[in-house]
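Student: dropping the sequence and predicted coords here.
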Amino acid sequence: MKNIIPQDYHISRNDRASSKKHQSLVVWFTGLSGSGKSTLASLVENELYKRKIHTYSLDGDNIRGGINKGLGFSASDREENLRRIAEVARLFVDAGVLVIGAFISPLEEDRNKVKNIIGKDDFIEIFVDTSVEECEKRDVKGLYKKARAGEIKNFTGISAPYERPCNPDIIIKTESSSIEESINKVINYILPRIELSN
Ligand SMILES: Nc1ncnc2c1ncn2[C@@H]1O[C@H](COP(=O)(O)OS(=O)(=O)O)[C@@H](OP(=O)(O)O)[C@H]1O
Ligand SMILES: Nc1ncnc2c1ncn2[C@@H]1O[C@H](COP(=O)(O)OP(=O)(O)O)[C@@H](O)[C@H]1O
């Protein structure tokens, strides 16, 4: 960028990790609306918090009311939504925080862009694999009903695509495993990856 010269600061990410006694990274839940992303993300955060891990959760509905106010659900708005979230997550990681993200993030290309912004070594992708039939049966927020009635356009799984992740780090099948099993699976995956090496 012309006339923009990045400034170096003295406190590094490693310094922050030493002070917090753990590494930072992003745990990213992707899946359909109603698949269980927020439920699992929130319970995973509770478990990490109990272990004194410094966490922060970023969640679709919350971010869209603030930094991403005005963005909708066209393919290009979703791409921009996810790009900004990835930049924010990257800052949090540099600040030493373990970020938990819960976003539909329906396209492989956009998820790859997110991974590249954050850095592939700092990104754990969790696919919350729940069928559209089950999500529609749950219809936690009544959105599937509205989408079927044509009141919501571009609704993921009904009138907009969801591409299954090609190579997620963890797959969670909420129709066949309990919430507790899923939480344990995620926690057991994360903990060794945030240990400080001596
Ligand atoms: N058209 C359409 N399609 C999908 N979802 C919709 C739509 N309109 C509103 N909502 C609500 O927005 C939440 C998803 O926002 P995200 O930022 O995660 O979406 S995306 O990653 O940019 O695709 C999503 O939240 P979750 O149900 O928690 O997934 C919905 O509450
Ligand atoms: N095994 C499971 N894992 C996660 N959620 C489950 C499971 N079984 C049932 N549910 C329910 O599914 C719903 C998922 O809603 P939510 O977490 O808001 O989904 P999302 O954030 O993906 O839109 C919740 O009501 C939750 O209690």
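Tutor: Arrived safely, thanks for sending. Ligands and ions are numbered 1, 2, ... in the order given.
Student: which residue comes closest to the closest residue to ligand 2 within the chain once chain neighbours are left out?
Tutor: Distances between the chain and ligand 2 by CB to the nearest ligand atom are smallest at residue 36, namely 2.8 Å. Glycine gets a C-beta too; all of them are placed from N, C-alpha and C. Closest residue in space to residue 36, ignoring its immediate chain neighbours: residue 174 at 4.5 Å, by CB to CB, 6 or more residues apart in numbering.
Student: quick one on the thing from earlier: who touches the residue of the chain closest to ligand 2 in this structure?
Tutor: The contact partners of residue 36, by CB atoms under 8 Å, 6 or more residues apart in numbering, come to 128, 130, 172, 174, 179, 182.
Student: between the residues you listed, which sits nearest ligand 1?
Tutor: The closest of these, once distances to ligand 1 are taken by CB to the nearest ligand atom, is residue 128, at 9.6 Å.
Student: what about the spatially closest residue to the closest one that is not a sequence neighbour, how many residues nearby?
Tutor: Closest residue to residue 128 apart from its sequence neighbours, by CB to CB, 6+ apart: residue 31 at 3.3 Å. Using other CB atoms under 10 Å, residue 31 has 27 neighbouring residues.
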